[in-house]
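J.: Starting from these lines, generate the structure:
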Amino acid sequence: TAYEIYQCDWSSDVCSSDLVERDIDGAIAARMPEPASEAVRVPLAAVVPALTRRSTHRFDAMRRIIADRMTASLRDSAQLTLVAEADATALVALRGALVPAAKIYGHRAPTYTDLIVAIVARTLRDHPRLNSSLVEGAGGAEVAEWQEINVGVAVALENGLVVPVVRDADSKPLQVISTEVAELADAARAGRLDADAFQGGTFTVTNLGQMEVDAFTPILNPPQAAILGIGRIAKRPAVVDDALAVRSMVTLSLTIDHRIVDGAPGGAFLRDLRRAIEAATL
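T.: Residues are numbered from 1 along each chain as shown. Below is the predicted model:
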């Protein structure tokens, strides 16, 4: 297999490929802000010489870290995605009532992500296996179910993705969660978050609804046992009391680590989460 490997002098933006592989591995290891599993190598496609590049983007440190972690996540865990559709009509009505109330009291209006983070955190109380990690114990590997429920919320940046954490989310009011999520997202995009903001997550929520994505298969955020993907809320035909109706529906995609969580407890969590969303209970 052929590889295209570059080493760059970032101070002068000068890159050269006239290097042997051991030089590249050493340079990448020295420049990485934290230990990485392996340097990312991109195999050349056979058709590359026949193509014309429109532009070239640097595969920078953030993308390397994301690539390493996501590849390691898929390689080192047994990922299974469970999918369920929830009737979010009551949730839409709840947010519709909260938005004008927030304006009256000078609060931030909660987003659907805020609402679902709050519901997820409370649902996790009854499903501790979904709030766990596989860790190294005195006698070998063991599953640690965490007392704290710290929900990471995926935030898209210009060239990457970060997951700041809302700590003790199950014990916080919706308005506090909404404020924290907004402040963490703003600080992440401005590059003002320190490393502590990303530590200690026990479960992750990622929402692609604003991009009009209906469903997707989220990748686990190690060492967490589960991650929830939220699709867009859209009006669709549904059967209500044996009659066809138009309802606001949302697709929930729960990826679990099958080494820690089997399909049945994962499905039970997703069932209870769907019911909580449909009842719009906080």
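J.: Break down the chain into its strands, ranges please.
T.: Taking DSSP state E as the criterion, the chain carries its strands at 7-9, 14-16, 79-87, 132-137, 140-145, 151-153, 155-157, 160-162, 165-166, 203-207, 226-230, 234-240, 243-257.
J.: Just the buried residues of the longest one, please?
T.: So that's strand 243-257. Arg247, Ser248, Met249, Val250, Thr251, Leu252, Ser253, Leu254, Thr255, Ile256, Asp257 (16 or more other CB atoms under 10 Å). All C-beta atoms are positioned from the backbone trio N, CA, C, and that covers glycine.
J.: Mind listing residues that contact stretch 189-196?
T.: Val155, Leu157, Val162, Pro164, Leu184, Ala187 (CB atoms under 8 Å, 6 or more residues apart in numbering).
J.: between these, which is closest to Ile66?
T.: Val162 (9.2 Å; CB to CB).
J.: list the contacts for that closest one?
T.: Ala154, Val155, Ala188, Leu193, Phe198.
J.: Quick one, which of the residues you listed are buried?
T.: Neighbour counting by 16+ other CB under 10 Å classes Ala154, Val155, Ala188, Leu193, Phe198 among the contacts of Val162 as buried.
J.: Might one say that the first one is in contact with Gly201?
T.: Right, Ala154. No - Ala154 sits out of contact with Gly201 when judged by CB atoms under 8 Å, with a separation of 10.5 Å.
J.: what touches both of these two?
T.: When contacts are counted by CB under 8 Å, 6+ apart, Ala154 and Gly201 have Val163 as shared neighbours.
J.: ok so, going back, may I see the buried ones among the contacts of Val162 organised as TSV, with distance to Met70 added?
T.: Output for these, formatted as TSV (distance: CB to CB, whole Å):
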residue	distance to Met70
Ala154	12
Val155	16
Ala188	18
Leu193	20
Phe198	15
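J.: quick one: which of the residues you listed is nearest to Ala234?
T.: Ala154 (20.5 Å).
J.: can you tell me which two in the buried residues of strand 243-257 are farthest apart?
T.: Once CB to CB is applied, the buried residues of strand 243-257 give Arg247 and Asp257 as the farthest pair, at 32.2 Å.
J.: hang on, the earlier thing: with the buried residues of strand 243-257 in mind, which one is nearest to Ile219?
T.: Thr255 (6.8 Å).
J.: Give the bridge partners for that closest one, please.
T.: Thr81, Ile227 (DSSP bridges).
J.: isn't it right up against Ser77?
T.: No - the criterion here is CB under 8 Å, and Thr255 misses it with Ser77 at 9.4 Å.
J.: can you list residues touching both of these two?
T.: Leu220.
J.: Give the residue spans of this structure that score low on pLDDT.
T.: 1-49 (pLDDT under 70).
J.: sorry, back to before: let's have the strands of the chain in CSV, adding distance to Arg53.
T.: CSV is the format used below for the strands of the chain (distance: least, CB to CB, whole Å):
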stretch, distance to Arg53
strand 7-9, 17
strand 14-16, 14
strand 79-87, 34
strand 132-137, 42
strand 140-145, 46
strand 151-153, 35
strand 155-157, 24
strand 160-162, 22
strand 165-166, 39
strand 203-207, 31
strand 226-230, 33
strand 234-240, 37
strand 243-257, 34
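J.: Perfect, I'm done here.
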